[in-house]
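Asker: one predicted model, sequence on top.
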Amino acid sequence: MMVPGRGVMSSGDVRPCKRPAHRPTHELSMMTPIEVRLDRVQILSWAPPGRKPPQLEGYKVVRDCFVRCQTTTSTYARCREYRSMTNDTKIFWQYKRLKGWLKPWKITIVADDENGLSYEEVEKILKHCHRYRFLVVEVAVDFSPSVDVNRRFIRQHAVFGKSRRHA
Amino acid sequence: MRNEEKNGKLRYGSRKASKLVRCYYKDKLGVYRVEVELHASLLRQNDISTLDDFIYLPDVICPRHLLFVDVDWKRLGQYLSNNLDEGQQISVEARRSAASLRRVRRYLKKKGVVNFHRFLVPMPVNEEVGRALKRWAHHFKKEAL
């Protein structure tokens, strides 16, 4: 059983593990082995009745359409989709709530794959929101091939608190 | 869900729980990605209510919700041989299912070892993950100033 940085022999003893021979060392030093990105943020926000989503600087509106009921409970009637003009960041702004107990706006910010979300990008949206709260915050931890973390490694070694794997 | 399994995706937790973790290979970046999705209840528990609080996310995530461990087979073997009649045999069987931590845990629970977590030791890669999270938080904070 091999693990990053060391190898565990069948006897349980630990010995240092060699780097894969096919990858040149200069290439390894250039790569950041573990990269963390803010991947997705979902926000619920209060808004004055009938207020439409604002125009966002640096974003263009790709779509603003009626959303059909997705489950048994209808939630928001409309969704406006923004796309960043500089990278691949997307914003989905749900408005016109169909139930009184819902917050007027539900905003989902999906990051660009390579850069993740920056403080500025999220702040740009939050300045339009009064009395907001975060519904979902998604953090992505990217392991480069040099770390040897893969599906097999996760099954063998990962523990995510009390959460169990769903097959 | 079955399709995800075929594609090599792993899912821990659920959409209705306090967190959901997705693990998959990201073709576009050529990396293996572990996505930790923290839901409102977990964020509330840890007082993450504003954007400035995001700098505390590394402490929330690692090591409590993301940890890499290894089984201390030597200690487990000793425990099994001291406490159970078929200890040797159980130890061999447990090693056979070592490809999945969940399977080892389930097997040992069936054999009466309920405190399996005591035989788990953190791996050195956790420190690297912790450092990467701190690095991200530092950059995030820097942008805020």
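Answerer: That came in fine, so what should we check first?

Asker: now do the contacts for B:Leu10.
Answerer: When contacts are counted by CB atoms under 8 Å, 6 or more residues apart in numbering or on different chains, B:Leu10 touches A:Arg151, A:Ile154, A:Arg155, A:Arg165, B:Val21, B:Arg22, B:Cys23, B:Tyr24. The C-beta positions use only the backbone N, C-alpha and C, and glycine is treated the same way.

Asker: want to throw the residues you listed into a markdown table with distance to A:Ile91 and neighbour count?
Answerer: Formatted as a markdown table, the contacts of B:Leu10 follow (distance: CB to CB, whole Å; neighbours: other CB atoms under 10 Å in any protein chain shown):
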| residue | distance to A:Ile91 | neighbour count |
| --- | --- | --- |
| A:Arg151 | 32 | 15 |
| A:Ile154 | 31 | 22 |
| A:Arg155 | 35 | 17 |
| A:Arg165 | 32 | 17 |
| B:Val21 | 24 | 22 |
| B:Arg22 | 21 | 17 |
| B:Cys23 | 26 | 25 |
| B:Tyr24 | 24 | 17 |
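
Asker: okay, and which of those map to strands?
Answerer: B:Val21, B:Arg22, B:Cys23, B:Tyr24 (DSSP state E).

Asker: pick the one among these closest to A:Leu98.
Answerer: Minimum distance to A:Leu98 across these is 29.4 Å, recorded for B:Arg22 (CB to CB).

Asker: distance of that closest one relative to B:Leu38?
Answerer: Noted for B:Arg22: a distance of 13 Å to B:Leu38, by CB to CB, to the nearest Å.

Asker: one more: A:His128?
Answerer: 23 Å.

Asker: between those two, who's got more neighbours?
Answerer: Set side by side, A:His128 and B:Leu38 show more neighbours around B:Leu38, with 24 against 17, by other CB atoms under 10 Å in any protein chain shown.

Asker: just give the nearest non-adjacent residue to the more buried one, would you?
Answerer: Nearest-residue entry for B:Leu38: A:Val137, 4.9 Å, with adjacent residues in sequence omitted and distances by CB to CB, 6 or more residues apart in numbering or on different chains.

Asker: for the helix or strand that neighbour falls within, list the C-alpha coordinates in PDB.
Answerer: In this structure, A:Val137 sits in strand A:130-143 according to DSSP states H and E. The C-alpha trace of strand A:130-143 is given here as PDB (Å, rounded to 0.1, in the frame of the first residue of the first chain):
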ATOM      1  CA  HIS A 130     -29.300  43.500   2.200                       C
ATOM      2  CA  ARG A 131     -29.600  41.100   5.100                       C
ATOM      3  CA  TYR A 132     -28.100  38.200   3.300                       C
ATOM      4  CA  ARG A 133     -27.000  34.800   4.500                       C
ATOM      5  CA  PHE A 134     -24.800  32.100   3.000                       C
ATOM      6  CA  LEU A 135     -26.600  29.000   2.000                       C
ATOM      7  CA  VAL A 136     -23.700  27.000   0.500                       C
ATOM      8  CA  VAL A 137     -20.000  27.600   0.400                       C
ATOM      9  CA  GLU A 138     -18.000  25.200  -1.600                       C
ATOM     10  CA  VAL A 139     -14.200  24.900  -1.300                       C
ATOM     11  CA  ALA A 140     -12.300  22.800  -3.900                       C
ATOM     12  CA  VAL A 141      -9.000  21.100  -3.000                       C
ATOM     13  CA  ASP A 142      -7.100  20.200  -6.100                       C
ATOM     14  CA  PHE A 143      -4.400  17.500  -5.900                       C
END
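
Asker: partner strands of that strand, with direction?
Answerer: Paired neighbours of strand A:130-143 in the sheet (DSSP bridges): strand A:34-46 (antiparallel), strand B:31-39 (antiparallel).
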